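Chemist: sharing a sequence plus its predicted fold:
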Amino acid sequence: MSDKEKYINGLIGREDAVLVIIDAQEKLLPVISNREGIVQNMLRLVKFAKITGIPMVLTEQEKLGSTIPEIKNEIPGIDPIKKLHFNCFFNEAFTSSIEALKRKTLIVSGVEAHICVLQTAIYASCSCGYNVHVIADAVSSRVEENRRIAIDRMARSNVTISSTETFIYEILKVAGTDEFRSVLSLVK
């Protein structure tokens with residue numbers, strides 16, 4: 001498959017994508033706006049990545065507890081990368097993990113939208129040359145206004161703002177396949 005076939009009109013190709021889940025942690029998520037919806041969409045992204053073979057990278061901010069069980073139980077083989085910096089790329093283990101995958105499209109979900117998600121997404125897009133897609137319905141902050149401002153700022157910084165379902169169908173590209181049927185339960 002040619003590059004043109006993979007990335008027609010800026011669409012994501014699964015061969016180039018990595019799902020990044022930022023700080024979905026026990027001490028942080030209970031205070032996040034729309035917690036239930038955010039967790040549901042992060043889980044949908046994780047399950048979809050497993051079905052389609054998209055690799056995942058998971059982070060945990062120091063002192064905010066473990067990744068929530070709902071996500072941890074879905075990806076038992078993935079160890080979270082512990083960090084202190086808000087920008088994930090300022091953590092050597094994170095940067096090494098992303099570079100080792102040799103993929104240039106980051107699909108970003110997690111919390112908080114206006115802190116770690118924003119700093120990581122803008123830096124990845126503007127300083128590292130990644131194609132960054134922030135999944136708006138899978139990111140949030142403690143205060144909805146902070147989330148809204150972050151989404152707007154990231155969009156103005158060359159970050160693509162998308163949704164869980166848009167991403168899923170963009171990767172699938174076609175209906176009627178076994179893979180499509182296995183994903184239907186995630187979008188209904």
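Modeler: Cool, got the structure. Residues are numbered from 1 along each chain as shown.
Chemist: pLDDT weak spots in this structure?
Modeler: The model of the chain has pLDDT under 70 over residues 1-9.
Chemist: helices of that one, start to end?
Modeler: With helices called from DSSP state H, the chain shows them at 3-6, 35-52, 69-72, 92-101, 118-126, 144-155, 164-172, 178-187.
Chemist: give me the distance from the fourth one to the chain's centre.
Modeler: Looking back up the chat, that one is helix 92-101. On the basis of Cα atoms, centre = their mean, to the nearest Å, helix 92-101 is displaced by 15 Å from the centre of the chain it belongs to.
Chemist: so for it, what gets flagged as buried?
Modeler: Across helix 92-101, burial judged by 16 or more other Cβ atoms under 10 Å covers 94, 97, 98, 101. All C-beta spots, glycine's among them, are computed from the backbone N, C-alpha and C.
Chemist: I figured the second one hits residue 57, correct?
Modeler: Pointing back at residue 97 there. Yes: between residue 97 and residue 57 there is a contact at 5.2 Å, judged by Cβ atoms under 8 Å.
Chemist: can you list residues touching both of those two?
Modeler: Jointly contacting residue 97 and residue 57 under the rule Cβ atoms under 8 Å, 6 or more residues apart in numbering are residue 81.
Chemist: tell me what the residue nearest the centre of the chain is bridged to.
Modeler: Geometric centre of the chain, nearest residue: residue 108, 2.4 Å, by Cα atoms, centre = their mean. On the basis of DSSP bridges, residue 108 is bridged to residue 20, residue 134.
Chemist: surely it touches residue 123?
Modeler: No: here residue 108 does not reach residue 123: they are 11.3 Å apart, not a contact under Cβ under 8 Å.
Chemist: and residue 101, what does it touch?
Modeler: Residues counted as contacts of residue 101 (Cβ under 8 Å, 6+ apart) are 18, 55, 57.
Chemist: how many other residues sit next to residue 153?
Modeler: Residues near residue 153, counting by other Cβ atoms under 10 Å, number 15.
Chemist: ok, now residue 133?
Modeler: By other Cβ under 10 Å, 25 other residues sit near residue 133.
Chemist: so it versus residue 186, what's the distance?
Modeler: 17 Å (Cβ to Cβ, to the nearest Å).
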